[in-house]
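Enquirer: based on what follows, work out the 3D shape:
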Amino acid sequence: MSKIRTRIAPSPTGFLHVGTARTALFNYLFAKRNGGEFILRIEDTDLERSDKKYEKDIIDGLKWLEIEWDGEMARQSERLDVYEKHLKKLLDENLAFYCSHPPSPQHLVCEDRGKNLEEGIIRFKNDARNPVIFKDAIRGDLSFDPKLLGDFSLAKNPRTPLYNFAVVVDDEAMEISHVIRGEDHISNTPKQILLQKALGFKTPVYAHLPLILGPDRSKLSKRHGATSVIEYKEAGYLPEALFNFMALLGWNAGDDREVYSKEELIKAFSLERVQKAGAIFDTAKLDWMNGEYIREKSPRELLAYLKDAGRPFGRPASKSEDLEKIIALEQPRLKKLSELPEKTDYFFKEPEYDAVLLKWKNMDNNQIKISSELAKEILQAVSDKDFTKANLEKIFLERAGKDRGELLWPLRVALTGKKASPGPFEIMEILEKEKAISRVNSALKMLK
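Expert: Numbers count the residues shown, from 1 in each chain. Just a heads-up that it's a prediction; the model follows:
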């Protein structure tokens, strides 16, 4: 077999969404699994709708996911001479003709065929009568009646090619061996095969991926979540987690395993194990997987990631060492890094809460006051040098009664103002003695 070459060819008319990113990923995995190359081609011939901000978003999204392409990125807008040459060939050989109708309506047999017009849109003269048959690497043999395709449009004019024509010329020029794309392109394939035959081009192997569906089994859309891959970065997802999650949208390795490294996915990937049915985008599963990847990172790596994602953490004066300790506290429970600011805000500002939260089980205000005064007394007796998690835990547990919650619950709430948080000893070590006592004093004032 000749060298494997795959491609992703997004149009810069919108942001890079999960569907296109998943297609890019499967093309990348297949190429790398087979020692081949993965190409990035920007299909920007629709000048009215194409926008550089969308092109930047596509590039940034692929780079963030570390879906690296080989060689230089190609742009269709820089290849207009190539399209014009091949259109001229089809026109000269009477395999295409000018038409006065708009490109969108389908004409089974266009009445402008024999008029010898010299301008207008350019249509393919479709005289094929035998079924167009191809073997899809995922779906098996597919057959289409060419008469139903009609005289389909190729270009608005010699220098403005439309999708089906440009993609055929580009795939041939770039020696694409496998076209791996969404199932919504199945209907385009017979048109492209007819064009390949007319131009004397090779037909690549086609593989049409299942659609990605929302939890309600409708086609995934922005109402199901983020509209752009970069939004997942901003929401606190790690690229490795989204990479791993997308690889399992319509493919599996044949076992129950769900967490894979990039190298493991490359080694395991095959088109034979891509499913035909739609793949459900399960945000809860993505959150779980992201949490698994978060726990594999060091607090220092997570802090650097937050800065890179445009989510500065803490206050400008905060020391990195302290921020890493704070991250480590919440790391075991995090699903997304975007949860950190809300979960840890009490380190950077005085907590606000209702005094009723200080109550443990059936304690009344007087009992809470007694408990808080004991906590304050213990804290005051501990030297700054000994104000460590291990030492504080030892002293408090020695002084706590049979129900430890009577001493520790009001203390933890006084420190954080939250119903749920890490334990009070880890928190106090970071807050340090003076601030810990100050917060217990604030609780005592509320109880008066």
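Enquirer: from here on, just use CA atoms for contacts and neighbour counts.
Expert: Will do.
Enquirer: could you chop this protein up by domain?
Expert: With domains defined by automatic domain parsing, the chain comprises 298-344, 355-447.
Enquirer: quick one: end-to-end distance for the longest one.
Expert: Yep, that's domain 355-447 we're talking about. 7 Å (C-alpha to C-alpha, to the nearest Å).
Enquirer: distance from that domain to the middle of the chain?
Expert: Distance of domain 355-447 from the chain centroid (C-alpha atoms, centre = their mean, to the nearest Å) equals 42 Å.
Enquirer: picking up where we left off before, now mean pLDDT, mean neighbour count and distance to residue 9 too, for the domains of the chain, in TSV please.
Expert: What follows is the domains of the chain, written out as TSV (pLDDT from 0 to 100; neighbours: other C-alpha atoms under 10 Å; distance: least, C-alpha to C-alpha, whole Å):
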stretch	mean pLDDT	mean neighbour count	distance to residue 9
domain 298-344	91	16	26
domain 355-447	96	17	46
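Enquirer: can I get the ones you listed in CSV including distance to residue 292?
Expert: Formatted as CSV, these follow (distance: least, C-alpha to C-alpha, whole Å):
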stretch, distance to residue 292
domain 298-344, 8
domain 355-447, 19
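Enquirer: what's the local residue count around residue 63?
Expert: For residue 63, the count of nearby residues is 13 (other C-alpha atoms under 10 Å).
Enquirer: what lies in contact with the helix or strand hosting it?
Expert: If you go by DSSP states H and E, residue 63 is part of helix 52-64. The contact list for helix 52-64 (C-alpha atoms under 8 Å, 6 or more residues apart in numbering) reads 10-16, 21, 42, 68, 229-230, 239.
Enquirer: swap in stretch 158-175?
Expert: 5, 45-46, 76, 80-81, 83-84, 86-88, 122, 153-156, 188, 191-192, 195-196, 201-202.
Enquirer: and the residues you listed, which are buried?
Expert: The neighbour count (16 or more other C-alpha atoms under 10 Å) marks 5, 45-46, 76, 80, 83-84, 86-87, 122, 153-156, 191-192, 195-196, 201 as buried among the contacts of stretch 158-175.
Enquirer: about what we covered before: pick out the most distant pair among the contacts of helix 52-64.
Expert: Spatial extent of the contacts of helix 52-64 (C-alpha to C-alpha) is set by the pair 13 and 239 at 23.6 Å.
Enquirer: between those two, who's got more neighbours?
Expert: Shown here are residue 13 and residue 239; by other C-alpha under 10 Å, residue 239 has more neighbours (21 against 18).
Enquirer: who's in contact with the nearest residue in space to that one that is not next to it in sequence?
Expert: Nearest residue to residue 239 in three dimensions, chain neighbours excluded: residue 65, at 5.0 Å (C-alpha to C-alpha, 6 or more residues apart in numbering). Residue 65 makes contact with 239, 240, 242, 243 under the criterion C-alpha under 8 Å, 6+ apart.
Enquirer: what is the burial count for the last one?
Expert: What it means is residue 243. 21.
Enquirer: that one in helix, strand or coil?
Expert: helix (DSSP: H, G, I helix; E, B strand; the rest coil).
Enquirer: average pLDDT for stretch 39-59, rounded please.
Expert: The average pLDDT within stretch 39-59 is 94.
Enquirer: quick thing: my sequence starts at 19, can you match it?
Expert: In the new numbering, first residue 19, that becomes stretch 57-77.
Enquirer: off-centre distance for that stretch?
Expert: Offset of stretch 57-77 from its chain centre (C-alpha atoms, centre = their mean): 18 Å.
Enquirer: which residues of the stretch 19-168 of the chain fall in helices?
Expert: Here the stretch 19-168 of the chain has its helices, by DSSP state H, counting those that start in this stretch, at 36-51, 70-82, 98-110.
Enquirer: ranking those helices by burial, who's on top?
Expert: Highest mean neighbour count among the helices of the stretch 19-168 of the chain (mean count of other C-alpha atoms under 10 Å): helix 36-51, with a mean of 23.
Enquirer: next up, the contacts around the closest residue to residue 307 other than its chain neighbours.
Expert: In space, and not counting its chain neighbours, residue 307 is closest to residue 259: 6.1 Å by C-alpha to C-alpha, 6+ apart. For residue 259, the contacting residues are 304, 307, 308, 311, by C-alpha under 8 Å, 6+ apart.
Enquirer: between the residues you listed, which has the most around it?
Expert: In terms of neighbours by other C-alpha under 10 Å, the contacts of residue 259 top out with residue 308 at 24 neighbours.
Enquirer: distance of residue 224 relative to residue 314?
Expert: To residue 314, residue 224 is 38 Å away according to C-alpha to C-alpha.
Enquirer: ugh, wrong one, I meant residue 326
Expert: Remark: distance between residue 326 and residue 314 (C-alpha to C-alpha) = 18 Å.
Enquirer: for residue 256, same thing?
Expert: The value you get for residue 256 to residue 314, if C-alpha to C-alpha is used, is 11 Å.
Enquirer: and what of residue 438?
Expert: Residue 438 sits 23 Å away from residue 314, going by C-alpha to C-alpha.
Enquirer: what of residue 416?
Expert: Residue 416 sits 34 Å away from residue 314, going by C-alpha to C-alpha.
Enquirer: so what's residue 20 up against?
Expert: The contact partners of residue 20, by C-alpha under 8 Å, 6+ apart, come to residue 195.
Enquirer: per-residue pLDDT of the nearest residue to residue 102 once chain neighbours are set aside, please?
Expert: Nearest residue to residue 102, sequence neighbours excluded (C-alpha to C-alpha, 6+ apart): residue 176, at 5.1 Å. At residue 176, the model reports a pLDDT of 95.
Enquirer: next one: phi and psi at the residue nearest to residue 424 when sequence neighbours are not counted?
Expert: Excluding its sequence neighbours, the residue lying closest to residue 424 (C-alpha to C-alpha, 6+ apart) is residue 378, at 6.0 Å. Main-chain torsions, residue 378, degrees, to the nearest 10: phi -110, psi 120.
Enquirer: centre-most residue in this structure?
Expert: For the chain, residue 247 is the residue whose C-alpha lies nearest the centre (C-alpha atoms, centre = their mean; 4.2 Å).
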